[in-house]
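Enquirer: how would this look folded up:
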Amino acid sequence: MGTRTEHAPGTFSWIDLSTSDTEAAKSFYGGLFGWEFEDNEIPGGGVYTMCKVGGSEAAAISGLKEGDPSPPHWNNYVTVANAGDAAAKAGELGGTVVMDAFDVMEAGRMAVIADPTGGVFSVWEAKENIGAQRVNEPGCLTWNELHSPDPDKAVEFYTGLFGWETEPMETPEGAPSYTIVKVGDRSNGGVMDAQGGEPPHWLPYIVAADRDVTADKATGLGGTEFVRLEMPAGKIAILADPQGAAFAIFEGELDD
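Expert: Just a heads-up that it's a prediction; the model follows:
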């Protein structure tokens, strides 16, 4: 089982959805992955909904703040030893600190950063909350992938920031480049060329017991399917929920 009591620094450890309609999102993802939900009021207003698999926290949903022009999207978090230090280092490496380090009550401390190619992500310094308590199981996070207009520049930034190891993947002629990034000897995600004018973004992958059944269910629940692909390690589909937030599903080989 992919249960976790901690995440090593440099590891993707959490995802949460910022959406224009939290109730519709809960209906969609609950129907798709069987998530159970626990609403938590945020001091100052708003609700942060924990999404659970077998009683363990796997992701979260929250509403976009009033006046936020961002479209609905998934946020991807990397665990660090110190969020303030990570934000400062990101700036030195050419990134942009979108939100400097701040406390999230007693749960932890975070910062929001854009890499030099425009991909936005968050860093998480765990205190009472480690992030995902379960990964690499159906309904849980398994992979995070950057689509970047300049993958080489992005890889240079992230390896400098997190100490990631890299492993170029062989791709067919004419296909986008792909670089696997690792924490130690564990695969941690990937970096690829942005396609078709898409904006730079991090895309989370959630495990599906059956890619085709889950993709069909997603469209039946009002989502959008962009593509299904067969990969050496398994099957994927890239989707968007009814509010437009993109995510991917994966059926195949999984780490523990």
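
Enquirer: drop to CA atoms for contacts and neighbour counts, all remaining ones
Expert: Will do.

Enquirer: what number of residues lie near Asp100?
Expert: The number of residues packed near Asp100 is 15, by other Cα atoms under 10 Å.

Enquirer: so what's the residue nearest to it when sequence neighbours are not counted up against?
Expert: Sequence neighbours aside, Ala111 is the residue nearest to Asp100 in space, at 5.1 Å (criterion: Cα to Cα, 6 or more residues apart in numbering). Each residue near Ala111 by Cα atoms under 8 Å, 6 or more residues apart in numbering is listed here: 83-84, 87, 97-102, 122-124.

Enquirer: same thing but at 6 Å, please
Expert: By Cα atoms under 6 Å, 6 or more residues apart in numbering, the contact list for Ala111 reads 99-101, 122-123.

Enquirer: What is the nearest of these to Glu198?
Expert: Ser122 (20.4 Å; Cα to Cα).

Enquirer: got the buried residues for the helix or strand where that closest one lies?
Expert: For Ser122, the element it lies in under DSSP states H and E is strand 120-126. Residues of strand 120-126 classed as buried by neighbour count (16 or more other Cα atoms under 10 Å): 120-126.

Enquirer: now stretch 102-121
Expert: Using 16+ other Cα under 10 Å as the test for burial, stretch 102-121 gives 108-121.

Enquirer: separation between the most far-flung residue of the chain relative to its centre and Pro242?
Expert: Distance from the C-alpha centroid of the chain peaks at Glu173, with 28.2 Å (Cα atoms, centre = their mean). From Glu173 across to Pro242, the span is 34 Å (Cα to Cα, to the nearest Å).

Enquirer: tell me which residues in stretch 230-250 are buried?
Expert: Buried-residue list, stretch 230-250, by 16+ other Cα under 10 Å: 235-243, 245-250.

Enquirer: that older thread, quick check: neighbours of the next helix or strand after the strand holding Ser122 in the sheet, parallel or antiparallel?
Expert: Remark: after strand 120-126, the chain's next helix or strand is strand 141-148, criterion DSSP H and E. Taking DSSP bridges as the criterion, strand 141-148 forms sheet pairs with strand 186-193 (parallel), strand 201-207 (antiparallel).

Enquirer: Which of the ones you listed has the lowest mean pLDDT?
Expert: Ranked by mean pLDDT, the strands paired with strand 141-148 bottom out at strand 186-193, with a mean of 94.

Enquirer: Noted, bye for now.
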